[in-house]
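**Q** Here is my input, please return the structure:
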Amino acid sequence: MVKVLFVCLGNICRSPTAEGVFRAMVEDAGLSDVISVDSAGTSGWHKGDPPDLRGQQAAAKRGYDLSAQRSRKVVAGDFDVFDYIIGMDSRNFADLSSMAPEPARGKISMFLQFAPETGQREVPDPYYGGEDGFGEVLNLVEAASKGLLEDIRARHL
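**A** Predicted structure coming up:
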């Protein structure tokens, strides 16, 4: 089983969107029995909360259901359990790198490295912006999810 963890700051906007989109792609590819997906935040501010309603609505318009997800904080055991630990921006990447034991640091990556065609390095945080920010996040997440799935197929399946 290849295990993927998406990480943003609060685990209510970007990482749950990535979890929902990537899970749907994994299911569509018939790979749910070999790839598992989760998300978490580097902070515990929103522990137990559902994803931001604006994000849920934007995702639902594209056929993704985020409603069952609940926010959680990254824990030390995640670095042992997950094969891919994916930060949405450089701050998440730095926080994860400082939390991870040395052997696990190679598991950490930036999500948009799997979508170089976007010309962007970070998935922007839509929390304080308008609804269009959630659509832009979905565009980036869909592109990077395709690249991540290709990477997993090439390296693990």
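**Q** quick one: which helix or strand includes Ile85?
**A** strand 84-87 (DSSP states H and E).
**Q** Extract the C-alpha set from that strand and format it as CSV.
**A** Presented in CSV, the C-alpha positions along strand 84-87 are these (Å, rounded to 0.1, in the frame of the first residue of the first chain):
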residue,chain,number,x,y,z
TYR,A,84,4.5,10.7,0.4
ILE,A,85,4.1,13.7,2.7
ILE,A,86,3.1,16.6,0.5
GLY,A,87,3.2,20.3,1.6
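**Q** what is the mean pLDDT for that strand?
**A** Throughout strand 84-87, pLDDT has a mean value of 98.
**Q** Please name every helix or strand in contact with that strand.
**A** Applying 3 or more CB pairs under 8 Å, 6 or more residues apart in numbering; DSSP states H and E, one finds that strand 84-87 makes contact with strand 2-8, helix 90-99, strand 108-110, helix 132-156. Backbone N, C-alpha and C define where each C-beta goes, glycine included.
**Q** got a list of what Asp52 touches?
**A** The contact partners of Asp52, by CB atoms under 8 Å, 6 or more residues apart in numbering, come to Ile12, Cys13, Pro126, Tyr127, Phe134.
**Q** Give me the number of neighbouring residues for the residue nearest to the last one when sequence neighbours are not counted.
**A** Going back to what we said before, that points to Phe134. What sits nearest to Phe134 in space, not counting adjacent residues and going by CB to CB, 6 or more residues apart in numbering, is Ala58, at 3.8 Å. A count of nearby residues for Ala58, using other CB atoms under 10 Å, gives 22.
**Q** Asp132 is in contact with Ala58, correct?
**A** No - at 9.0 Å, Ala58 and Asp132 do not qualify as touching, with contact defined as CB atoms under 8 Å.
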